[in-house]
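Enquirer: the sequence and its predicted three-dimensional model are supplied below.
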Amino acid sequence: MIPTEILIAFGISSFFTVLFPLLLLVLLAIRRAISLRPLLIGVLAFFVSQILLRIPLLSILSTQGWFLTFAQQQMLLYLILLSASAGLFEESARLLGAKCFCKGRRSYCDAVSFGLGHGLCEVVLLVGLSSIGNLLYCVMINSGSLGAAASGSAEMLQQITAALASVSTASIYLGIVERISAVLFHVFASVLIFYGVNRGHSFRYWLFALLAHTAFNVAATFLVQYSNIWICEGVLLLLGLLSLAYVLHVRKSFPRENAYAF
């Protein structure tokens, strides 16, 4: 049986990583506080750069012997390059979206909307769906329906049950905090890219965003490896709040807000 506290934690995680982002976007749209086209382009920027390109490419590389050998023998360099690859794909997609698909939609509101689309798409696809899946598994295990469905795979059922029962509720809740930090960073990176495009320094600000993205991911990776989850999430939240401070500070440097339109 899966403890009740784990069921509750997965339920709360599912709410904050799937339902809440959708409700938030609907509310912001009703209040005309976001721009729909930049928001949707931000969603596509993440989906194309990560789901269609980077993750499949990494899956292919993980089947290659030379790549596995490199990852094992040069772990430090591998982790840095893995972090940089996320920045390379996502910031390039962000720049392409801002320059080519957001012409006439590069105000402060547009930049923030793009970042929310990018960040919340990541939350839903990479965390939210997983939380819902884990919650359903827990409910099915406790009700006995999963055992009936997997009657020929008792060993697999036992492994799934043991894995879910051993999950720390703190790690589930801290995962929500991590997503908040990540969304704040994605808004920051989007504002940075849009700011550079508006000033005619696209490459320079793309490079700034790439370096910041790499540093954020490297910090997360190494803090997980060499500290504990509380320190890791605390540092990431601090970086997220610093990102928010920049986003608020640079607002006056953007052109006047466009009228709300698609």
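Expert: In hand now; what should we look at?
Enquirer: need the contact list for residue 134.
Expert: 10, 164, 167 (C-beta atoms under 8 Å, 6 or more residues apart in numbering). Where C-beta positions appear, they are placed from N, C-alpha and C, glycine not excepted.
Enquirer: neighbour-wise, which of those leads?
Expert: residue 10 (25 neighbours; other C-beta atoms under 10 Å).
Enquirer: for that residue, give me the pLDDT.
Expert: Model confidence at residue 10, given as pLDDT, is 96.
Enquirer: show me the contacts for it.
Expert: Applying C-beta under 8 Å, 6+ apart, we find residue 10 in contact with 131, 134-135, 138, 172.
Enquirer: now those residues in JSON lines, with distance to residue 45, secondary structure and pLDDT?
Expert: Supplementary listing: these in JSON lines, determined by distance: C-beta to C-beta, whole Å; DSSP: H, G, I helix; E, B strand; the rest coil; pLDDT from 0 to 100:
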{"residue": "131", "distance to residue 45": "23", "secondary structure": "helix", "pLDDT": "96"}
{"residue": "134", "distance to residue 45": "27", "secondary structure": "helix", "pLDDT": "95"}
{"residue": "135", "distance to residue 45": "29", "secondary structure": "helix", "pLDDT": "95"}
{"residue": "138", "distance to residue 45": "33", "secondary structure": "helix", "pLDDT": "92"}
{"residue": "172", "distance to residue 45": "28", "secondary structure": "helix", "pLDDT": "96"}
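Enquirer: and these, which is closest to residue 227?
Expert: Distance to residue 227, by C-beta to C-beta, is smallest for residue 172 among the contacts of residue 10, at 19.0 Å.
Enquirer: I'd like to know how far the closest one sits from residue 54.
Expert: From residue 172 across to residue 54, the span is 26 Å (C-beta to C-beta, to the nearest Å).
Enquirer: likewise for residue 94?
Expert: From residue 94 over to residue 54 the distance is 13 Å, taken as C-beta to C-beta.
Enquirer: now do residue 195
Expert: Separation of residue 195 from residue 54 (C-beta to C-beta): 25 Å.
Enquirer: between those two, which one's more packed in?
Expert: Legend: neighbour count by other C-beta under 10 Å for residue 195 and residue 54, higher for residue 195 (21 against 18).
Enquirer: let me know the helix or strand that that one is in.
Expert: Taking DSSP states H and E as the definition, one finds residue 195 inside helix 169-199.
Enquirer: which stretches of the stretch 151-262 of the chain have low pLDDT?
Expert: Low-confidence segments of the stretch 151-262 of the chain (pLDDT under 70): 151-153, 257-262.
Enquirer: strands of that one, start to end?
Expert: Along the stretch 151-262 of the chain, no segments are classed as strands by DSSP state E, counting those that start in this stretch.
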